[in-house]
Structure formats: structure tokens, C-alpha cells
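Student: Just a sequence and a predicted model for now, questions to come.
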Amino acid sequence: MLATSSSVDPQFREDVLRGLSSLPRAIPARWLYDSRGSELFDDITRLASYYPTATETRLLERIMPEVAKAVGAGRTVVEFGAGSLTKTPILLRAVDALRYVPVDISGDYLREAAEGLAGEFPDLDIHPVEANFGEAMDLPDSAHGEKVLGFFPGSTIGNFVPWSATNLLRHFRTTLGTGALLLIGMDRVKPVERLVAAYDEPEGVTAAFNLNLLDRINRELDGTIPVGSFVHEARWNDIMSRIEMHLVATADVTFEVAGRSFAMAAGESIHSENSHKYGPRGGRLLLLAGGWTPIREWTDAAGDFSLILAEAQPERFAP
């Protein structure tokens, strides 16, 4: 029976059907993060081969005194794509936050993580918001203006192609308001072999994370995708300066999703995620294009990862 329950996100159905009908086939990466996907991604961040999380965490711990001095105490911290909140306590403790607003599309996972954080910060006002941070959302009045610090760690900005990353940053500016600050993580370009190893590690956790998208489609959209006939593949696209994740068919397959029929030939893929890598000037230019003026930047000793503090400065009439 075709799934028509109100619990099925109509945007998920629309994006999947559109993505499977297009050539090349592609599904927006945000749909990787259901409850199971969020759990698997949390597991990925603990793998030795997945350098971004450990590198960024060490960098955050090192620079927090400078960040706290630059942003001041008593701010409302708005974290976009909060996930498991593993890095959040480092920031909240350092800046003596007055209020914390985590925003994430996976509501159950978000609420569970927020409850755990509340035990660590009993005096902190925590206001979780279940929403797609790339779209209009209802935030508390305190989450707008000069006393707000946006937090977008984990190089999540790299999941967006440059034009949509620019639009997202403009959306953040509009949401948080003039005078707000933004602390954002960006992964740097590095040797291809190391990049591919981080997204196709031998433990197979990233493969499970990617293949979970097909399981979700089958479960929520009455799909009949033969998941066993697909494999995860990470590819480096040099001209685009990004790692791409693909779900590759190992044989000719036919299946249905939400009552519609599809066929894929062996070797054909569904493009499920990007992770763009930026050089220092490229990252700063992206922020400027999105309406944010970089004011400080920090990197680890090897230059693998950067954290940039930017400000939504008032618009200028002329240079």
C-alpha cells in the first residue's frame, strides 16, 4: 500500500522522486540524517581516519580563550545542524552563554542530545528547534541581533555547492540579524588519498551511513530498492574541489518508490552528498559573498582545518 501517512515528509517524497528521475540522479544530502543516519554519522566522527572532527575539536579547545575575548559573555548561541552536540560544550563553557538554541532536522535525535546537555548546563536556557536550517524557521526573539553568536561547525558548509552555500550564509545573516557573529568550520584542501580515506574508511561506517538513505526510502516511501545491489563510493572531483558520495548499482536493477517505477543500469549511481574543501582565500571569499565579514581565522598546525569568526556588519553604501 502506498505510504500516505502524515508522518511522511512530503518534501522528502518530492526530493526523492525528482532526484531519481533526473540525470545524473541525485538526492539532497539532508535526507541522509534521519535518526539512524544521525547515529551513524556520530559513529563516523569517532573514526581515526575521519580527521575533521578530532582536528576541529582540538582546535576549538585551543582557541576558545581568544574566541571568548572576541565575542564577549552573555550571548545567545544558535547552532545550525546541531546533531549530537559533541563540540558545543566547549563553546558554551568558554563564552558563558546566556541561552542556547540548537537547530536540527532530526527532531528525536536533537531532543535527546539537548536533554543530555541540560544535565551538564543546568542553568542554561536551552530552546531546541526542529527545522531545516536552510529554510525559514521560528527562533526565539533573543536569537536575533547583536548579542547572538551563530555556530556552524564540522565543515557542514562544504555539503553545499558554492551558490547554495552563499544563499545559506545569506539566510543565516537574515535570520540572526545585523551585528550577529558567526563561528564556522571549513575543511581545507589536502592530498587526495587522505580525503578519500576519510570518506571510504575500511570499517564501513560511512558506507552504512550512505546506504541507510536507501533503507529510509524503502521504509518511508514504500520503496522496493534492492539495497544489496548498491555499494558506497567516495570520489574526488578536482575541478569542483570536493569529495562526492555515490550509491553505485552493481547490477541492472528495477524498483518502485511511492508508486513510481525506476530502472538503473549497472555502474549508474545516485549522487548523495558533497564535501567541498576550501583554501584560505576561498573560504573567506565565500563568507563575504554570503554577507559575513571575516574578522578572525584560526587553523591547526598542519593547516588541515580552519575556524573563522565573521560578523554581519551593516551594509555599506560604497567602499
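Tutor: Structure received. Residues are numbered from 1 along each chain as shown.

Student: Looking at strand pairing, list the partners for the closest residue to residue 133 other than its chain neighbours.
Tutor: Excluding its sequence neighbours, the residue lying closest to residue 133 (C-beta to C-beta, 6 or more residues apart in numbering) is residue 80, at 4.2 Å. For every residue, glycine as well, the C-beta is placed using N, CA and C. Counting by DSSP bridges, residue 80 is bridged to residue 103.

Student: how close does residue 80 get to residue 48?
Tutor: 27 Å (C-beta to C-beta, to the nearest Å).

Student: More neighbours: these two, which one.
Tutor: In this view residue 80 and residue 48 are compared by other C-beta atoms under 10 Å, and residue 80 has more residues nearby, 26 against 9.

Student: quick one: the strands in the chain?
Tutor: Secondary structure of the chain (DSSP state E): strands at 25-26, 76-80, 99-104, 125-126, 129-130, 148-152, 181-187, 230-237, 242-249, 253-257, 260-264, 269-276, 293-299, 305-311.

Student: Just put the ones you listed in a markdown table and tack on distance to residue 68 and mean pLDDT.
Tutor: Listed next are those as a markdown table, based on distance: least, C-beta to C-beta, whole Å; pLDDT from 0 to 100:
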| stretch | distance to residue 68 | mean pLDDT |
| --- | --- | --- |
| strand 25-26 | 41 | 98 |
| strand 76-80 | 12 | 95 |
| strand 99-104 | 15 | 92 |
| strand 125-126 | 19 | 92 |
| strand 129-130 | 25 | 89 |
| strand 148-152 | 10 | 97 |
| strand 181-187 | 11 | 97 |
| strand 230-237 | 37 | 97 |
| strand 242-249 | 33 | 98 |
| strand 253-257 | 49 | 98 |
| strand 260-264 | 51 | 98 |
| strand 269-276 | 29 | 97 |
| strand 293-299 | 12 | 97 |
| strand 305-311 | 11 | 97 |
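
Student: can you put those strands in TSV and add distance to residue 169?
Tutor: What follows is those, written out as TSV (distance: least, C-beta to C-beta, whole Å):
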stretch	distance to residue 169
strand 25-26	22
strand 76-80	10
strand 99-104	15
strand 125-126	25
strand 129-130	19
strand 148-152	9
strand 181-187	8
strand 230-237	22
strand 242-249	17
strand 253-257	33
strand 260-264	35
strand 269-276	13
strand 293-299	11
strand 305-311	9
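
Student: just to revisit the earlier point, residue contacts, the residue nearest to residue 133?
Tutor: Applying C-beta atoms under 8 Å, 6 or more residues apart in numbering to residue 80 gives the contacts 103, 133, 150, 151, 152, 156, 172.

Student: How about the contacts made by the spatially most central residue of the chain?
Tutor: Centroid check for the chain by C-alpha atoms, centre = their mean gives residue 156 as the closest residue, at 3.5 Å. Contacts here follow C-beta under 8 Å, 6+ apart; on that basis residue 156 touches 80, 81, 185.

Student: distance of the second one from residue 109?
Tutor: With distances defined as C-beta to C-beta, the gap from residue 81 to residue 109 amounts to 11 Å.
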